[in-house]
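Participant: with the input below, show me the fold.
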Amino acid sequence: MESITKRHYWLVVAIFSGLGWLLYANTLDVPFYFDDTRNIVENLPLRVTSPTPQALLDAAFNKVQPNRPVANLSFALNYYWHQYNLAGYHIFNITCHILTGFFLFLLFQATLQTPALQNRYPHPAKLALAAALLWFVNPVHSQAVTYTVQRMTGMAAMFYVLALWLYVRGRLATPGHRQWPWHAAAGLAGLLALGCKEIAATLPVMTVLLEWYFIQDLDRRWLKRSAPILLAVTGFAALLAWHSLGASPLESITKTYAYRDFTPWERVLTEWRVVMHYLSLLAYPNPSRLNLDYDFALSRSILNPATTLLAGLAILLLFATATVSTKKFRLFSFAILWFLGNLVIESSVIGLEIIFEHRAYLPSMFLALALVAACSRPGRLRWAGIIALCGAIALGSFWTRARNQLWRDPVALWSDCAKKSPNKARVHNNLSVALMESGQLDHALREAKNALRLQPDFVNAHVNLGNIYRDQQHWDAALAEYFAALQLKPDYAEVYTSIGNVCVAKGQLDRAATFYQKTLALQPDSVRARVNLASLLAGRGQTELAIAEFEKAVAMQPEDGDIRYNLGLAYIAAHRYPEALHALEAALRINPADQQARLAAEKLRHPRNAH
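Facilitator: Below you'll find the predicted structure:
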């Protein structure tokens with residue numbers, strides 16, 4: 001058995017750190033995408049400006065994702081440190097991926113040192129490192145790292161792997177050494193994993209499975225003796241799932257289908273093909289096959305399409321293979337059960353989106369170890385296996401960096417999605433938004449119309465088309481699209497703000513104020529509507545009303561220097577000079593380069609220039 005020193009462990013840390021930054025250093029300026037907006041940018045409780053216990057609690061258990069307090073807290077701390085500076089968010093994600101790779105190495109090494117495997121693999125550290133690196137560089141995992149909000153998946157997997165390693169490390173402790181500190185730490189890591197994402201609810205089951213496979217050596221007598229404990233563990237896992245779904249799990253699952261175009265049965269059938277697609281991506285993760293927003297055809301029945309039945313049979317065959325090969329191919333059997341078991345939550349009956357690549361992040365781990373083990377022989381790695389593994393790691397690294405490069409440009413990324421999902425309205429609409437933000441209005445207009453051609457009742461496409469017409473100063477066309485959106489979704493608060501903005505452009509100020517107030521009636525925390533209303537009131541000479549609205553906006557978004565500057569101007573108009581100076585100085589602390597705020601503050605510091 002090989003001997004591993006602390007120096008070797010530091011070398012492994014250096015390998016994962018160096019490789020991690022090599023692969024992901026080009027993601028530091030990747031913008032927010034998709035669910036990032038709802039979960040991070042527009043999630044007001046995450047805007048922590050003072051890390052008081054109450055502010056951190058509000059951020060952790062915010063209403064957007066109240067079941068994921070640990071991940072929420074990490075986003076809140078990102079905001080506290082650097083607001084929406086993209087680099088900080090990505091540095092955190094990359095660091096989590098590096099730590100996950102290192103913890104996975106530790107878990108693989110410990111697994112290979114368990115009683116059932118220690119005589120089969122005399123070089124556990126080398127095999128563990130090769131397997132962890134093979135998993136680490138797979139381009140499929142770039143979505144879990146580069147897509148900011150999927151930190152929830154990355155952190156859950158990181159703590160999940162850490163918990164399992166701590167558990168195995170405790171079980172392998174030499175006689176006379178206490179095991180409970182290891183197991184207590186494992187329990188804490190497991191709770192942290194669950195606080196990041198509900199996928200960690202499978203951890204108790206996987207812990208038992210690992211214990212039986214590798215520590216108890218598939219001893220059926222142990223299963224019988226431990227039946228009460230196993231039932232308790234299964235019950236605990238079920239309780240975790242119950243808690244994550246709410247007081248009424250069946251009702252919670254039913255609600256997840258409220259805005260879906262598929263039934264629970266159709267989703268289950270479709271997921272058979274999705275699971276096989278994940279396997280194919282892990283085996284051949286060429287960036288040309290990766291996609292942020294799939295247009296994955298639904299399975300309407302077992303034979304429609306015919307590949308549904310084939311996928312279902314393939315999954316049954318995998319499960320049967322895992323069952324009959326437990327003795328002879330121990331790692332392969334466990335890897336299959338690990339893969340299928342860790343997809344149960346996101347690839348079963350809960351009405352989530354059909355497919356996302358980040359869902360393969362945790363389930364794929366032991367597949368890498370089984371593959372590397374298959375390339376080895378007692379005593380040494382096969383040379384052909386070494387060459388193949390080195391080639392796979394090098395190619396995976398190249399493809400991961402190439403895939404990350406695409407994430408940097410929203411137009412390029414959504415154009416790539418449009419090529420791969422040409423009949424999906426949402427893809428064309430998101431491409432249209434990216435084109436509009438880059439100033440390519442004519443091209444953006446075509447893509448927005450493409451989205452509506454594919455899905456005429458697509459509310460966001462109507463809004464986006466209205467925004468394009470607004471930027472082109474086609475006011476009446478913009479209003480027509482906004483009102484079309486409201487016909488489909490009357491409570492779409494931000495659309496009323498957009499209508500108000502167009503009314504201001506047309507000089508219809510009273511009408512604009514009415515629409516801003518409609519937004520605030522539906523969404524009182526809309527900073528944009530409140531600031532627009534305040535500016536309108538200030539322009540009409542209703543200074544005190546404007547001040548009241550600006551003050552509310554500052555309370556909601558205290559780190560916005562522009563709002564404080566406009567509040568200062570409103571105070572000046574109301575001859576409230578001390579308050580005006582305070583607001584302007586606050587604006588300068590936030591944005592020292594704001595020359596307008598600086599000039600206004602200088603005038604106030606000299607009373608003769610105040611009037």
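
Participant: how many residues are close by L522?
Facilitator: Applying other CB atoms under 10 Å, we find 16 other residues in the vicinity of L522. Any C-beta I mention is one placed from the backbone N, CA and C, and that applies to glycine too.

Participant: quick check: closest non-adjacent residue to it.
Facilitator: Among residues not flanking L522 along the chain, A493 sits closest, at 3.9 Å (CB to CB, 6 or more residues apart in numbering).

Participant: and if you look at N430?
Facilitator: Distances taken as CB to CB, 6+ apart put W414 closest to N430, at 5.0 Å, once the chain neighbours are dropped.

Participant: ok, L269 next?
Facilitator: Excluding its sequence neighbours, the residue lying closest to L269 (CB to CB, 6+ apart) is S299, at 3.7 Å.

Participant: re the thing from before, my read: the residue nearest to N430 touches E437, true?
Facilitator: No - between W414 and E437 there is no contact under CB atoms under 8 Å: 10.9 Å.

Participant: that older thread, so the residue nearest to L522 touches F515, yeah?
Facilitator: No - judged on CB under 8 Å, A493 makes no contact with F515 at a distance of 10.4 Å.

Participant: more neighbours: which of those two?
Facilitator: For A493 against F515, the residue with the higher neighbour count under other CB under 10 Å is F515, and the figures read 23 against 17.

Participant: got the phi/psi numbers for the more buried one?
Facilitator: Note on F515: its backbone torsions stand at phi -70, psi -40 [degrees, to the nearest 10].

Participant: same question, the one 4 residues further on
Facilitator: The phi and psi values for T519, taken as degrees, to the nearest 10, are phi -60, psi -50.

Participant: pretty sure it contacts I499?
Facilitator: No - under the criterion of CB under 8 Å, T519 makes no contact with I499, lying 9.0 Å away.

Participant: now do the contacts for A485.
Facilitator: For A485, the set of contacting residues under the criterion of CB atoms under 8 Å, 6 or more residues apart in numbering consists of V459, N460, H462, V463, G466, Y492, V495.

Participant: what are the ranges of the helices in the stretch 301-450 of the chain?
Facilitator: Per DSSP state H, counting those that start in this stretch, the stretch 301-450 of the chain carries helices over the ranges 307-324, 330-341, 365-374, 383-407, 410-420, 425-437, 441-454.

Participant: returning to what we had before: tally of neighbours for the residue nearest to L269?
Facilitator: A count of neighbours around S299, defined by other CB under 10 Å, yields 27.

Participant: could you look up the SS state of it?
Facilitator: The assignment at S299 comes out as coil when based on DSSP: H, G, I helix; E, B strand; the rest coil.

Participant: doesn't E266 make contact with it?
Facilitator: Yes - S299 is within contact range of E266, at 6.2 Å (criterion: CB under 8 Å).

Participant: helices and strands of the protein: which one has the lowest mean pLDDT?
Facilitator: Considering only helices and strands, the least confidently modelled element of the chain by mean pLDDT, DSSP states H and E is strand 380-381, at a mean of 52.

Participant: ok so, going back, mean pLDDT lowest for which of the helices of the stretch 301-450 of the chain?
Facilitator: Taking each of the helices of the stretch 301-450 of the chain in turn, the one with the lowest mean pLDDT is helix 383-407, at a mean of 91.
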